[in-house]
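Undergrad: this is a predicted model, with the sequence first.
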Amino acid sequence: MNGFVQTLGLSRSGRILADVAHPPVDNPSRPPSVDRLARSLTGTGLPHPLLVQIARRAIAEGDPGSAPELARRRARQMLVPVINATGVLLHTNLGRAPIAHHQEATYANLELDLSNGKRGSRQEAVGTLVATAVGADDAIIVNNCAAAVLLILAALGRDRCVAVSRGELVEIGGGFRVPDVMTQSGATLVEVGTTNRTRLADFQRAAADHDLALAMHIHQSNYRIVGFTESVSIADLSSLDVPVVADIGSGLLDASCPWLDGPPPDWLRDEPAARQTLEAGAALVCFSGDKLLGGPQAGIIAGRADLVRTCARHPLARALRPGGLVLSALQATLEAYLRRDGDAIPFWRMAARSTGELRDRADDLARRTDHEVTVIDTRAVPGGGTLPDVSFPSIGVRLVGDHVEALREHGRPIIARIENQHTVLDLRTIDPDDDEIVVEALDGLTTSTSSP
Ligand SMILES: *Cc1c(COP(=O)(O)O)cnc(C)c1O
């Protein structure tokens, strides 16, 4: 699970941050040399040019003694593995889905067809896996779902009209606003229906009045409109004369979840799945790679071969294409799906853990640490801008008082949450292999800071 980060030089135990020598003070009336001060900070593991910047800044501010703290803070900005104890399975600040991926420093046949030695397509192998997993004719991969929407609209809707229900003209988070993306693509938005109610007749009128290229359906990923509402199903939309594009967002591949041992979990009940959305009549679906799919950050466009090809041939496709690292991580994720091996996908492994198993680990943790903790029932959430009204039972440990900063400062940062002024670590999102590190971190907490 950690091979990927290790190869890139991030050790699983995190950087050693405490080992910073005191800055040299030879003559208090003369500032120390930049070079000597920078050299005294090598324990942070930061590259020398960064240490020189820090030393210059500390000296310029007349406070060379602040250099170790500045260096420590700078080291803290580097990308490092962290322990997610928040109980939010897809935490956007923590990179959404955890991925297991290992790659040696090696060439790969990214754009070489090994059967004939000619130039191949970087999209073909992974595209075929996706298409197989969701029952589509074809699929391509881009950098994220926002890029997928942009490419679809630019390739299929430019200089024409695209109809969207007013109930779906929203901001999905991180500034992704459907009307703005539409403008950038060169397509003209035709708003249909009202915020709470949109009917097929509204779309039929739009089709009669405008040069419609597409009808678009955008899943209400992180919000709900409740009460007096009505919306048009994919099946009804597909009765229109134009292709239906469904942005399902979360990337659930198949509502029957054949990669899990049991039946689909109850909390997925209202979540649209790619396979069923295509079966219902969508010409294209698009979704994220790092939400419920549990893979790397990517965007996937799957569906009718002619439309997928038109997207692939558009000049923007070149600018939005993923690199080999992403494609090989996505390939590994999709192979696990096709082997029906949900256990090989960290997201599904976390989601499937029983509370009994989590409670055993929490009890064990409580026994092993010197710090006083209480095992408690918690609620974990999918997160990542999906399923806003879903939570499922989980188990955590509670520490008296606020320790989130101290835990974040641990060699391997641990991200916890505060509940009623006490610190809660949720076991569901902590990899069992990391329990030992959590015990270490808890042992290191002072009880003095634990009184609220
Ligand atoms: C999350 C989401 C997006 C954006 O996906 P990214 O992969 O983060 O770009 C777009 N549409 C819907 C419906 C989403 O849920």
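TA: In hand now; what should we look at?

Undergrad: ok, now which ones touch I437?
TA: When contacts are counted by CB atoms under 8 Å, 6 or more residues apart in numbering, I437 touches S13, I83, H410, R412, I414. All C-beta spots, glycine's among them, are computed from the backbone N, C-alpha and C.

Undergrad: just among those residues, which is most surrounded?
TA: With neighbours set by other CB atoms under 10 Å, the maximum within the contacts of I437 is found at I414, which has 25 neighbours.

Undergrad: bridge partners for it, pull those for me.
TA: I83 (DSSP bridges).

Undergrad: now do it against the ligand, distance only.
TA: 25 Å (CB to the nearest ligand atom, to the nearest Å).

Undergrad: distance of that residue relative to W348?
TA: I414 sits 23 Å away from W348 when distances are taken as CB to CB, to the nearest Å.

Undergrad: before we move on, back to that, tell me the one of the contacts of I437 nearest the ligand?
TA: Of all the contacts of I437, the ligand sits closest to I83, with 23.1 Å by CB to the nearest ligand atom.

Undergrad: you'd agree the closest one is up against V439?
TA: No: I83 lies out of contact with V439 (CB atoms under 8 Å); the separation is 11.6 Å.

Undergrad: what sits against whichever residue of the stretch 351-452 of the chain sits closest to the ligand?
TA: When distances are taken as CB to the nearest ligand atom, the stretch 351-452 of the chain approaches the ligand most closely through G385, which lies 4.6 Å from it. By CB under 8 Å, 6+ apart, G385 lies in contact with L90, T92, I172, G173, S221, N222, G249, K291.

Undergrad: out of those, who's near the ligand?
TA: Among the contacts of G385, the ones lying near the ligand by CB under 6 Å from any ligand atom are I172, S221, G249.

Undergrad: most neighbours of all those residues, which one?
TA: Highest neighbour count within the ones next to the ligand among the contacts of G385: G249, with 25 neighbours (other CB under 10 Å).

Undergrad: I figured that residue hits S288, correct?
TA: Yes: taking CB under 8 Å as the contact criterion, G249 and S288 are neighbours in contact, 6.4 Å apart.

Undergrad: thinking again about what came up before, now pLDDT too, for the contacts of I437, in JSON lines please.
TA: Shown next, in JSON lines, are those (pLDDT from 0 to 100):
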{"residue": "S13", "pLDDT": "40"}
{"residue": "I83", "pLDDT": "98"}
{"residue": "H410", "pLDDT": "95"}
{"residue": "R412", "pLDDT": "95"}
{"residue": "I414", "pLDDT": "98"}
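
Undergrad: identify the contacts common to G249 and S288.
TA: Listed contacts common to G249 and S288 are C145; contacts here mean CB under 8 Å, 6+ apart.

Undergrad: what's the domain layout of the protein?
TA: Taking automatic domain parsing as the domain assignment, the ranges for the chain are 6-76, 83-98+353-449, 121-344.

Undergrad: got these as JSON lines, with distance to E104 columns?
TA: Converted to JSON lines, those look like this (distance: least, CB to CB, whole Å):
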{"stretch": "domain 6-76", "distance to E104": "7"}
{"stretch": "domain 83-98+353-449", "distance to E104": "21"}
{"stretch": "domain 121-344", "distance to E104": "11"}
